[in-house]
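Peer 1: Sequence first, predicted coordinates after that:
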Amino acid sequence: MDRARPLTLLLAGVLAAGGLAALTPAAQAADAELARNGGFEAGLDGWTCTAGSGAAVSSPVRSGTKALQATPAGSDNAKCSQTVTVKPGSTYTLSGWVRGSYVYLGASGTGTTDVSTWTGSAPDWQRLATTFTTGASTTSVTIYTHGWYGTPAYQADDLSLYGPGGAPVQLPAAPIGLAAGSPTSSTVPLTWSAVPGATSYHVYRGTTRVQTVSGTSATATGLTASTAYTFQVSAANSAGESPKSAAVTATTTSGGGGGNPGLPAHALVGYLHASFANGSGYTRMADVPASWDVINLAFGEPTSVTSGDIRFSLCPATECPNVESTADFKAAIKAKQAAGKKVLISIGGQNGQVQLSTTAARDTFVSSVSKIIDEYGLDGLDIDFEGHSLSLQTGDTDFRNPTSPVIVNLIQALKTLKAKYGQNFVLTMAPETFFVQLGYQYYGSGPWGGQDPRAGAYLPVIHALRDDLTLLHVQDYNSGSIMGLDNQYHSMGGADFHIAMTDMLLTGFPVAGNTDRFFPALRADQVAIGLPASTQAGNGHTTPAEVNKALDCLTKKVNCGTYQTHGTWPALRGLMTWSINWDRYNQWEFSRNFDSYSWS
C-alpha cells in the first residue's frame with residue numbers, strides 16, 4: 001500500500017526476428033498433401049495452439065470459409081503446430097498464406113536443418129514457402145506458424161506440406177500409471193506415463209473432457225471441497241484418440257479453515273493507518289465504523305530489509321496528535337472483536353521491504369510476528385509485501401515448486417504461523433497486479449532472461465497457501481495496464497479492470513502462457529476486490545457506480561460491458577480498500593456504498 005505516491009512498475013520487451021524464404025521446387029510425382037486440415041475448415045482439428053491463442057474465423061479468409069487467427073501475448077508468440085508423418089531421407093515443400101506483421105512458417109524435428117520463413121509485414125494475404133530434407137531416421141516432423149510477442153493477431157490459411165507420405169500413423173495406446181497427487185480443497189494434480197507416438201493427452205473428469213495437455217501431468221481445477229472425483233486420461237495423435245486409461249479417484253480436502261466462518265458472507269476490508277499519518281488524518285480504533293469487518297493495522301515493518309524482525313508501534317504523538325494510548329488501543333481492539341470484527345497486523349507496505357532470504361530471517365519473522373499478535377490480541381496476519389520483497393531467481397520457473405529462498409522461506413513461515421494459531425487464524429494477502437495477474441504473460445526473468453524477476457512472484461506463495469488463505473485482495477490500483485484472459489489489455493479506473501482481473505483469479509490461468517503450468521482458480525469466498533477509497537488514496541480510483549457494475553457482473557452476470565467472464569460467483573467475498581483513513585477523509589463514500597449494495 002502506498003503512503004505517499006503510487007508505485008509504477010514497467011516491463012520492457014525486445015522484438016527480434018529472422019528468417020529466410022526459399023523457392024518452391026517442383027513436386028515429385030509420388031508426392032501427396034500431408035498436412036491435415038490446412039485450410040482450417042474443420043476448426044482447429046489437427047492443430048494445437050499455445051495458451052489458447054488460436055481460433056478458426058470466418059473472416060478474413062483466403063479460400064473456403066475458415067482461416068486461422070492467433071493472437072500473441074507478451075511471452076507467448078501464438079504458435080499453432082501439427083505433427084506429420086514423413087519418410088526418412090525425403091524432400092518436402094512447406095507453404096501457406098499469411099496476413100499480419102511478423103508471421104512465421106516453419107518445420108522442426110526434420111533430422112537435418114530445421115527451416116522457417118517469415119514476413120515482416122503482410123497487410124493482405126502473402127504466400128510463404130520453404131523446403132527441407134528429412135534425416136536418415138526421421139519419421140515425423142512438426143510444422144508450425146506463429147507471430148511475434150506482443151504484436152497484433154495474425155491470420156494463416158491453406159497451409160500445406162507436400163512430399164512423400166510416411167508409414168500410416170498408429171493410434172496410440174491407452175496411458176498407464178495414472179496417479180493423483182495430494183489434493184487441495186479445489187484442485188487435484190494428476191500424472192501418468194508417456195505413451196509412444198502420442199502428441200497430446202486428454203484429461204477427463206467423469207465423462208467430461210476438461211483439459212488437453214502436451215505433457216504427462218495436469219491439474220484439475222475448480223473443484224468443490226470434500227468431494228470425490230474420478231479421472232481418466234487418453235492419448236492422441238493425428239490418427240485419433242486412444243482408449244481411456246484406468247480411472248483414479250481423489251477426494252478434495254475440506255479447505256483447512258481458509259474460508260474462516262467468522263467472516264460475514266460479504267465482507268468489507270480496510271487498512272487503518274495505525275503507525276503513521278499521511279495527510280488523511282489519524283483515526284482511532286474506537287472510531288472505526290461498524291461497516292468494516294476486517295481491520296488491517298498498517299504497518300508492521302522490519303528493522304532491516306533482510307532481518308525478518310518485524311516491529312509495530314502506534315503513531316507517535318508528534319505525528320498524530322490525537323493518537324490514543326496503547327491501553328485504549330488494545331481495549332478498542334477487544335471491543336471490535338466482541339462485535340464480530342477481525343483485526344490483523346499487516347506486514348510490509350511500500351516502505352516496509354521484507355526479504356526472508358535466510359532460514360534465520362524466517363524464524364525471526366515467525367517469532368516477531370507472533371509477539372505482535374500476542375501483545376495486541378490480534379486475529380491474524382495480512383501480507384502486503386511490495387517493491388523488491390519477492391522476486392524469483394533465474395531458473396525458478398515453476399510456481400508449483402519454487403526454489404527462490406525469499407519465496408520458500410515466506411511459505412514456511414506462514415504455514416508455521418497458521419499451525420501455531422489454528423484453524424481460526426485469519427490469513428490475508430494484498431499483492432499488486434504486477435505480482436499476480438501479470439503472471440499470465442510473464443513469470444520471473446523468463447525463458448531467455450531479461451524480464452523483471454518480480455513478475456508473478458506472488459503466485460507460488462498464493463498457491464502453496466491456498467488451503468490456509470482466508471482472503472486474497474489484489475490491489476487493482478497503482479498499476480499499469482494488465483492483460484486479461486481475453487488477451488486484451490485492461491486499464492484501471494473502471495468496472496472493466498476489476499471484472500477482468502477478478503475473473504482471472506476465479507477462473508485460473510496458464511502461467512507465462514504455459515498450459516502445463518496452470519494456476520488453479522481460487523474459491524469465490526477467498527477473493528475480494530482491492531480499490532482506493534478516494535482519488536487521494538491512489539491511482540485508479542473507481543466511482544461507486546463503476547464499483548457496483550463490477551460487483552453486478554461478477555456476482556450476477558449483468559452490467560458486464562464487453563468483457564465476458566468465465567462464470568458467475570455470487571459468493572464473492574467483498575471489497576478491500578486503501579484505506580479506512582482515506583474513506584473517512586472522503587466522507588465515508590466507499591463504505592457507505594458497500595453498505596447499500598444489494599448482493600441478491
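Peer 2: Structure received. Numbers count the residues shown, from 1 in each chain.
Peer 1: separation between G456 and V527?
Peer 2: 18 Å (CB to CB, to the nearest Å). For every residue, glycine as well, the C-beta is placed using N, CA and C.
Peer 1: neighbour-wise, which of those two wins?
Peer 2: Set side by side, G456 and V527 show more neighbours around G456, with 27 against 22, by other CB atoms under 10 Å.
Peer 1: Report the secondary structure element holding the more buried one.
Peer 2: According to DSSP states H and E, G456 maps onto no helix or strand at all.
Peer 1: can you tell me how far it sits from T364?
Peer 2: From G456 to T364 the distance is 27 Å (CB to CB).
Peer 1: Next: T230.
Peer 2: 46 Å.
Peer 1: Who has more neighbours out of these two?
Peer 2: Higher neighbour count among T230 and T364: T364, with 19 against 13, using other CB under 10 Å.
Peer 1: dump the residue contacts of the more buried one.
Peer 2: Counting by CB atoms under 8 Å, 6 or more residues apart in numbering, T364 makes contact with S307, G308, D309.
Peer 1: secondary structure class for the closest residue to G206 other than its chain neighbours?
Peer 2: Closest residue to G206 apart from its sequence neighbours, by CB to CB, 6 or more residues apart in numbering: T230 at 5.9 Å. Following DSSP: H, G, I helix; E, B strand; the rest coil, the label given to T230 is strand.
Peer 1: T230 reaches A246, doesn't it?
Peer 2: No - assessed by CB atoms under 8 Å, T230 is found out of contact with A246, at 10.6 Å.
Peer 1: How about the contacts made by E589?
Peer 2: A533, S534, P544, D583.
Peer 1: try 10 Å
Peer 2: A533, S534, T543, P544, W582, D583 (CB atoms under 10 Å, 6 or more residues apart in numbering).
Peer 1: Go ahead and confirm D114 touches Y104.
Peer 2: No - with contact defined as CB atoms under 10 Å, D114 does not reach Y104; the gap is 12.0 Å.
Peer 1: the more surrounded of these two?
Peer 2: Set side by side, D114 and Y104 show more neighbours around Y104, with 22 against 13, by other CB under 10 Å.
Peer 1: Leaving out chain neighbours, which residue sits closest to that one?
Peer 2: Using CB to CB, 6+ apart, the nearest residue to Y104 is W118, at 4.4 Å.
Peer 1: State the three-state secondary structure for that neighbour.
Peer 2: Classification of W118 using three-state DSSP returns strand.
Peer 1: How many neighbouring residues does it have?
Peer 2: W118: 22 neighbours (other CB under 10 Å).
Peer 1: That one and Y154, how far apart?
Peer 2: For W118, the distance to Y154 - CB to CB - is 11 Å.
Peer 1: what do these two both touch?
Peer 2: In contact with both W118 and Y154: V98, Y102, V103, Y104, T145, H146, G147, W148, using CB under 10 Å, 6+ apart.
Peer 1: Same list, those, but as a markdown table with distance to S160 and pLDDT please.
Peer 2: Formatted as a markdown table, the shared contacts of W118 and Y154 follow (distance: CB to CB, whole Å; pLDDT from 0 to 100):
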| residue | distance to S160 | pLDDT |
| --- | --- | --- |
| V98 | 13 | 97 |
| Y102 | 21 | 94 |
| V103 | 16 | 96 |
| Y104 | 16 | 97 |
| T145 | 12 | 97 |
| H146 | 17 | 95 |
| G147 | 20 | 93 |
| W148 | 23 | 89 |
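Peer 1: Please render the residues you listed as TSV that adds secondary structure to the earlier fields.
Peer 2: Putting the shared contacts of W118 and Y154 into TSV (three-state DSSP) gives the following:
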residue	secondary structure
V98	strand
Y102	coil
V103	strand
Y104	strand
T145	strand
H146	strand
G147	coil
W148	coil
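Peer 1: For the buried ones among the contacts of T364, write the corresponding PyMOL selection.
Peer 2: Those of the contacts of T364 that count as buried under 16 or more other CB atoms under 10 Å are selected in PyMOL with:
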select buried, resi 307+308+309
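Peer 1: of the contacts of T364, closest to G508?
Peer 2: Checking the contacts of T364 against G508 by CB to CB gives G308 as the nearest, at 31.8 Å.
Peer 1: nearest residue to that closest one other than its sequence neighbours?
Peer 2: Using CB to CB, 6+ apart, the closest residue to G308 is A361 (3.3 Å).
Peer 1: Which pLDDT does the model give the one you found?
Peer 2: You'll see A361 listed with a pLDDT of 97.
Peer 1: next one: the one helix or strand it maps to to chain centre, how far?
Peer 2: According to DSSP H and E, A361 maps onto helix 359-376. A distance of 30 Å separates the centroid of the chain from that of helix 359-376, by CA atoms, centre = their mean, to the nearest Å.
Peer 1: which is the next helix or strand following that helix?
Peer 2: Going down the chain from helix 359-376, the next helix or strand is strand 380-385, by DSSP H and E.
Peer 1: partner strands of that next one, parallel or antiparallel?
Peer 2: On the basis of DSSP bridges, the sheet neighbours of strand 380-385 come out as strand 342-349 (parallel), strand 426-429 (parallel).
Peer 1: and the angle from it to helix 359-376?
Peer 2: Per axes from the mean of the first three to the mean of the last three CA atoms, to 10 degrees, the angle that strand 380-385 makes with helix 359-376 is 130 degrees.
Peer 1: next structured bit after strand 380-385?
Peer 2: Remark: after strand 380-385, the chain's next helix or strand is helix 405-421, criterion DSSP H and E.
Peer 1: Just the CA atoms of that following helix, as PDB, please.
Peer 2: Provided in PDB are the C-alpha atoms of helix 405-421 (Å, rounded to 0.1, in the frame of the first residue of the first chain):
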ATOM      1  CA  PRO A 405      14.800 -18.600  -0.800                       C
ATOM      2  CA  VAL A 406      12.600 -15.500  -0.200                       C
ATOM      3  CA  ILE A 407       9.600 -17.400  -1.600                       C
ATOM      4  CA  VAL A 408      10.300 -20.700   0.100                       C
ATOM      5  CA  ASN A 409      11.000 -19.100   3.500                       C
ATOM      6  CA  LEU A 410       7.900 -17.000   3.400                       C
ATOM      7  CA  ILE A 411       5.700 -20.000   2.600                       C
ATOM      8  CA  GLN A 412       7.300 -21.900   5.500                       C
ATOM      9  CA  ALA A 413       6.900 -19.000   7.900                       C
ATOM     10  CA  LEU A 414       3.200 -18.500   7.100                       C
ATOM     11  CA  LYS A 415       2.500 -22.300   7.400                       C
ATOM     12  CA  THR A 416       4.200 -22.200  10.800                       C
ATOM     13  CA  LEU A 417       2.100 -19.300  12.000                       C
ATOM     14  CA  LYS A 418      -1.100 -21.000  10.700                       C
ATOM     15  CA  ALA A 419      -0.200 -24.200  12.500                       C
ATOM     16  CA  LYS A 420       0.600 -22.300  15.700                       C
ATOM     17  CA  TYR A 421      -2.700 -20.400  16.000                       C
END
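Peer 1: Please spell out which residues along it are buried.
Peer 2: Neighbour count says helix 405-421 has 405-414, 416-418, 421 buried, by 16+ other CB under 10 Å.
Peer 1: Stretch 245-254 now?
Peer 2: Buried positions in stretch 245-254, judged by neighbour count with 16+ other CB under 10 Å: S245, V248, A250, T252, T253.
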